[in-house]
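Colleague: this one's sequence-less:
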């Protein structure tokens, strides 16, 4: 990497837009990963209570989000 | 707002619902609206897409959409943003698929095999799919696009323009195939936004 592009890259890191976009992307990825894991646990016979405990949320929260699917 | 939709625009909305049903998606999203726009053979959006050479690229667009779908509906811009944090999205997708099967991370899918009649979240029957927030925002944006052009009705061309203007997978796939807001405006109304095609 040349000095100029290195500088540009580092300046870019301070651009809030890049950081915010990364957070938004991470949140979307997190939602997908959570859905995969909850589905997998349900298929293996886990109760909502057990899933909620692992996720660190209330049983109601996880059931409201994924129940009846 | 829906009463302002032209027949062509309504056909796109209904077509999007069909696509969501066929792919057993829990909600109608922007990707389904894009697929429905690509289906159209008449109307201004079809005219614009034809003029931009999309006729031969439909398969390529569908493949790009399917790829994005497989990585959880995340766009390439999302993947780049994650890579800036040191997160390799491709690696995550392949690890999840190793354990949970190909397509495990696909966005918006319903659980189980389903027969098209099972209940989805919110207690609605699968035949009556709600619009995802992004798709609702897109419809609202199409109204703003129409108003900006001083058009009284919302046509399928306004839906297409709104799709190109919103960040996300649909706009990214369109732009990759040369369909940008400016390009659509140009083929429909010429450089100055004059009503050439209308």
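Modeller: That came in fine, so what should we check first? Note that the structure is a prediction, hence the values are computed from the model and not measured.
Colleague: for residue 55, which non-adjacent residue is closest in space?
Modeller: No chain in the question, so chain A it is. Among residues not flanking residue A:55 along the chain, residue A:62 sits closest, at 6.2 Å (C-beta to C-beta, 6 or more residues apart in numbering or on different chains). All C-beta spots, glycine's among them, are computed from the backbone N, C-alpha and C.
Colleague: um, chain B though
Modeller: residue B:49 (7.6 Å).
Colleague: for the nearest residue to residue B:165 once chain neighbours are set aside, which residues are in contact?
Modeller: Closest residue to residue B:165 apart from its sequence neighbours, by C-beta to C-beta, 6+ apart: residue B:181 at 5.2 Å. Contacts for residue B:181 were tallied using C-beta atoms under 8 Å, 6 or more residues apart in numbering or on different chains; they are B:161, B:164-165.
Colleague: hmm, residue B:136 and residue B:27 touching each other?
Modeller: No: judged on C-beta atoms under 8 Å, residue B:27 makes no contact with residue B:136 at a distance of 10.0 Å.
Colleague: more neighbours: these two, which one.
Modeller: residue B:27 (21 against 15; other C-beta atoms under 10 Å in any protein chain shown).
Colleague: what's the pLDDT at the more buried one?
Modeller: On pLDDT, residue B:27 comes in at 90.
Colleague: got the phi/psi numbers for residue B:131?
Modeller: phi -80, psi 140 (degrees, to the nearest 10).
Colleague: follow-up on the earlier one: could you check the distance from the residue nearest to residue B:165 over to chain A?
Modeller: 20 Å (C-beta to the nearest C-beta, to the nearest Å).
Colleague: can you list the weak-confidence ranges in the chain?
Modeller: Here I'm looking at chain A. Filtered on pLDDT under 70, chain A yields the residue ranges A:1-13, A:68-69.
Colleague: not quite, I wanted chain B
Modeller: Those would be B:107-127, B:191-198, if you go by pLDDT under 70 across chain B.
Colleague: what's the closest non-adjacent residue to the residue located most distally from the centre of it?
Modeller: Most distant from the centre of chain B: residue B:99, at 29.3 Å, with distances by C-alpha atoms, centre = their mean. Computed as C-beta to C-beta, 6+ apart, the closest residue to residue B:99 that is not its neighbour in sequence is residue A:40, at 8.0 Å.
Colleague: thanks again, I'm all set now.
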